[in-house]
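# Provided below for reference: sequence and predicted model.
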Amino acid sequence: MDEKILLRKNLLKVRSEISPILLERFSRSVVGIIAELMDGNHWERVFYYASIRSELNLLSLKELCPGREYLLPRVISWQEKRMSFFPYCDQGELKVNRFGIREPRAQEEVKTTNRDVILVPCVGIDYSGRRLGYGGGFYDRYLRTCTAVKVGVVCSEQIVAHIPGENHDMPMDAWVSENGFIKLR
């Protein structure tokens, strides 16, 4: 079995075994760390995600740090595996796509600038910032043209020494877990 596929399978299993109570505690911790970082940075907009399965839930960041624009991804082409980001106002405006991912209904696509931050869900991340996702390539395609600060979001159990890389893999500038924030670039 391919090394990345096996690593993904193992890391997803590890993450799925985190109890809901502990996952909620980790989520609150990560949101608190990001909120502190936002106080010290001039990030104008926050590109983040609506969690699925056992991903860390960051949606409360919007209430904790008002005054910025918050955006969520939506798949714009399943065939081309492309997504983009759209404004997010509240939970009631989200629709569920065919994979159970909550997406914004807004129609105005927003591009990143270097004054923004994108919080990227990870199945795993290594010490160099190489991210392992679900394997669809949606985030890697998006991140190729993304100029925002790229921050991988993980539980500490998802940080590994090495993730095998490919040319299309986009590294993170930093990562955040319940144990803190690590800036790489």
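Right, received. Where do you want to start?
# Ser29 touches Gly180, doesn't it?
No: if you go by Cβ atoms under 8 Å, Ser29 and Gly180 don't touch, sitting 9.2 Å apart. Where you see a C-beta, it was placed from the backbone N, CA and C, and this is true even at glycine.
# Between the two, which has more neighbouring residues?
Neighbour count, other Cβ atoms under 10 Å: between Ser29 and Gly180, Ser29 has more, with 17 against 11.
# Validate this expectation: that one resides in a helix.
Yes: under DSSP: H, G, I helix; E, B strand; the rest coil, Ser29 sits within a helix.
# So for it, what's the pLDDT?
Looking at Ser29, its pLDDT is 97.
# so who does it touch?
Contact partners of Ser29, counting by Cβ atoms under 8 Å, 6 or more residues apart in numbering, are Glu178.
# Kindly report the same for Ile5.
Here Ile5 is in contact with Gly135 (Cβ under 8 Å, 6+ apart).
# so what strands line up beside the lengthiest strand in the chain?
Secondary structure assigned by DSSP state E gives strand 69-77 as the longest strand of the chain. Strand 69-77 has its sheet partners listed here by DSSP bridges as strand 45-47 (parallel), strand 82-87 (antiparallel).
# Can you name the next helix or strand after the first one?
I take that to be strand 45-47. Heading C-terminal from strand 45-47, the first helix or strand you meet, by DSSP states H and E, is helix 61-64.
# No further questions, thank you.
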